Each structure stands twice: as C-alpha cells, then as structure tokens.
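Undergrad: Got a predicted model here, sequence first, then my questions.
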Amino acid sequence: MARLYLVRHGKAAASWAEDLDPGLDSVGKSQAKGVAETLAPLGPLEVIASPLSRARETARPLSDIWGCTHRIEERVGEIPSPTKDLMGRTQWLQGVMGKRWSNLGEDLHTWRQGVVEALLALDVDTVVFTHFIAINVVVGVATGDDRVVCFWPDNGSITILEADESRLTLIERGDELGASPLIL
C-alpha cells in the first residue's frame with residue numbers, strides 16, 4: 001500500500017481568468033518552501049507533478065532538498081477546459097464546480113478516471129503536486145462523494161491518502177480555504 005501526499009500547488013501569479021499557465025507569485029513560492037520543509041523529513045520519496053508551471057514550481061523546493069527530479073505526470077494536471085478563451089473557461093469552470101460527476105460528459109469522466117488511475121498505479125510512497133479539482137476527484141472517490149467540489153483545499157495544503165491498486169483511502173484532508181473564491 002502506497003501513502004500519497006497530494007499537494008495543491010502554491011498561490012499562482014494569475015487566476016484562470018488571467019493566464020492559461022501562470023507560475024507562482026511570492027506567496028506561492030513561500031508556500032512551496034513551507035511544503036518542502038514539512039515533507040522533507042519523510043523522504044526522499046518519489047515526486048510527481050502536473051505539467052503546469054505552478055505545480056512544477058511548487059515541487060521544485062522539495063525536489064532540491066531531496067536531490068531528485070520530479071517526474072511529470074499529465075494525468076494529475078488541471079481539469080481540461082473546452083476552450084482556451086480565458087473568460088469562457090472561467091465561466092465554464094464555475095458552472096462545472098457546482099455539479100456532480102454523474103451529470104457531466106464523457107470527456108470529463110475520462111479525465112477523472114485518468115487522475116484516479118495515475119494514483120492507483122503508484123506502488124511506493126509518493127508526493128503528488130497537483131490542482132484543486134484533481135484533489136477533489138481523489139477525495140470524492142475515496143469518500144464516495146459524487147460532487148465535483150466536495151472539499152476546498154488551500155494552496156500549499158497536503159492531503160494524505162493510501163492507494164492499494166484498486167482503492168483510495170482518505171487518511172487526512174489538507175488545510176481548507178476559509179471561503180470558496182474561484183482562485184484556481
């Protein structure tokens with residue numbers, strides 16, 4: 001059984017409505033260092049990250065401490081938007097966030113299944129740097145919650161699960177946002 005540490009990326013330098021792939025702002029860089037300091041005593045462990053800049057930049061301090069490189073895993077990336085138009089994708093995401101997975105299309109079910117399969121395939125303790133909705137996918141699957149958003153993980157939060165090839169078990173939710181603003 002593998003223990004998985006899902007880290008929501010640090011605070012991005014721009015929102016979904018402003019940039020397709022922002023890096024971290026100064027607060028996000030500080031959060032990345034804090035995550036590295038918190039997790040450093042556990043490793044070195046395997047480290048994987050979403051291909052997006054904010055996740056890779058959040059992973060970097062921990063990878064540096066452990067003297068390893070993080071592997072990019074496309075399947076733990078951000079929920080795929082049907083448009084690259086910044087305002088259009090923000091409106092789309094706001095609509096999706098209030099729904100249940102059972103009411104969404106096949107393309108999103110395929111993406112959701114990919115997130116789950118990527119984590120179930122891990123057979124050693126691993127730190128996974130990922131995104132808000134991807135963390136919600138995993139928490140929802142582990143707890144049987146069909147809502148797209150069942151949990152508001154804060155930037156730099158660490159959610160702990162166990163994976164045993166066929167099942168995800170929630171051990172501990174990461175810190176949650178005090179409110180529910182759209183700052184993905």
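TA: Noted; the coordinates are in hand.

Undergrad: so where is this protein shaky, pLDDT-wise?
TA: Along the chain, the parts satisfying pLDDT under 70 run over 179-184.

Undergrad: Could you rerun that using 80?
TA: Within the chain, the segments meeting pLDDT under 80 span 178-184.

Undergrad: just the strands in it please.
TA: Here the chain has its strands, by DSSP state E, at 2-8, 46-49, 71-72, 126-130, 158-163, 168-172.

Undergrad: What ranges does the chain have for its helices?
TA: Taking DSSP state H to define them, one finds helices in the chain at 26-39, 53-66, 86-97, 106-120, 132-143.

Undergrad: Can you lay out the ones you listed as JSON lines showing mean neighbour count and distance to residue 164?
TA: C-beta here means a position set from N, CA and C on the backbone, and glycine is covered the same way. Output for the helices of the chain, formatted as JSON lines (neighbours: other C-beta atoms under 10 Å; distance: least, C-beta to C-beta, whole Å):
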{"stretch": "helix 26-39", "mean neighbour count": "18", "distance to residue 164": "22"}
{"stretch": "helix 53-66", "mean neighbour count": "22", "distance to residue 164": "24"}
{"stretch": "helix 86-97", "mean neighbour count": "15", "distance to residue 164": "29"}
{"stretch": "helix 106-120", "mean neighbour count": "16", "distance to residue 164": "8"}
{"stretch": "helix 132-143", "mean neighbour count": "23", "distance to residue 164": "12"}
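
Undergrad: how much space between the nearest residue to residue 69 once chain neighbours are set aside and residue 11?
TA: Spatial nearest neighbour of residue 69, chain neighbours left out: residue 63 (6.0 Å); criterion: C-beta to C-beta, 6 or more residues apart in numbering. Going from residue 63 to residue 11 by C-beta to C-beta, to the nearest Å gives 19 Å.

Undergrad: Then residue 38?
TA: Distance, residue 38 to residue 11, using C-beta to C-beta: 16 Å.
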